[in-house]
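**Student:** Give me the fold of what follows.
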Amino acid sequence: MQIINVYNQQYESAAAFWPLVHSRIIASMLISQFLLLGLLSTKKAAKSTPLLVILPILTFAFHKYCQRRFEPAFRKYPIEVRYAAFNKLWNSVEFSTPNFLFVLL
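**Tutor:** A predicted model of the protein is given here:
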């Protein structure tokens with residue numbers, strides 16, 4: 001006999017914190033890359049420093065790509081949330097045109 005421990009969550013954040021986490025990881029990567037560039041330029045490895053200049057540029061380009069590609073998924077509501085909001089609005093007494101347009105957008 002096997003017992004499975006299942007936790008039923010009471011809420012779902014829809015991973016809304018991931019854009020913030022991603023931005024902080026990218027910022028820390030950029031800081032470490034600039035520090036590495038500064039360190040290598042002061043040591044005897046100054047000849048390899050110009051080759052490492054491309055790293056922060058590629059990291060920032062990757063960050064912008066991820067923002068364009070994945071951030072809209074974190075900013076827009078899933079269809080279940082929109083459907084629940086639409087039903088709540090439809091069943092309410094205070095039905096007005098601006099609220100109805102907000103739900104449809």
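**Student:** Starting from Ala61, give me the distance back to Arg68.
**Tutor:** For Arg68, the distance to Ala61 equals 11 Å [C-beta to C-beta, to the nearest Å]. Heads up, the C-betas are built off the backbone N, CA and C, glycines and all.
**Student:** To clarify, my last question referred to Lys88.
**Tutor:** For Lys88, the distance to Ala61 - C-beta to C-beta - is 42 Å.
**Student:** Same check on Phe34?
**Tutor:** Counting by C-beta to C-beta - Phe34 and Ala61 are separated by 16 Å.
**Student:** Just want to know which of the two has more residues nearby.
**Tutor:** Phe34 (13 against 10; other C-beta atoms under 10 Å).
**Student:** Check whether that one really touches Val53, as I assumed.
**Tutor:** No: look at Phe34 against Val53 with C-beta atoms under 8 Å: they stay out of range, at 10.1 Å.
**Student:** average pLDDT across the strand or helix carrying Arg69?
**Tutor:** Here Arg69 sits within helix 54-75, counting by DSSP states H and E. Per-residue pLDDT over helix 54-75 has a mean of 89.
**Student:** how about it: buried residues?
**Tutor:** For helix 54-75, burial by neighbour count (16 or more other C-beta atoms under 10 Å) applies to 55-56, 59, 63.
**Student:** Which strands or helices does the helix or strand where Pro50 lies pack on?
**Tutor:** Per DSSP H and E: Pro50 is located in helix 49-52. Packing partners of helix 49-52 (3 or more C-beta pairs under 8 Å, 6 or more residues apart in numbering; DSSP states H and E): helix 18-42.
**Student:** just the angle between the helix it packs on and helix 54-75, please?
**Tutor:** Angle, helix 18-42 to helix 54-75, by axes from the mean of the first three to the mean of the last three C-alpha atoms, to 10 degrees: 170 degrees.
**Student:** Mind listing residues that contact helix 18-42?
**Tutor:** 46, 48-49, 52-53, 55-56, 59-60, 62-63, 66-67, 71, 74 (C-beta atoms under 8 Å, 6 or more residues apart in numbering).
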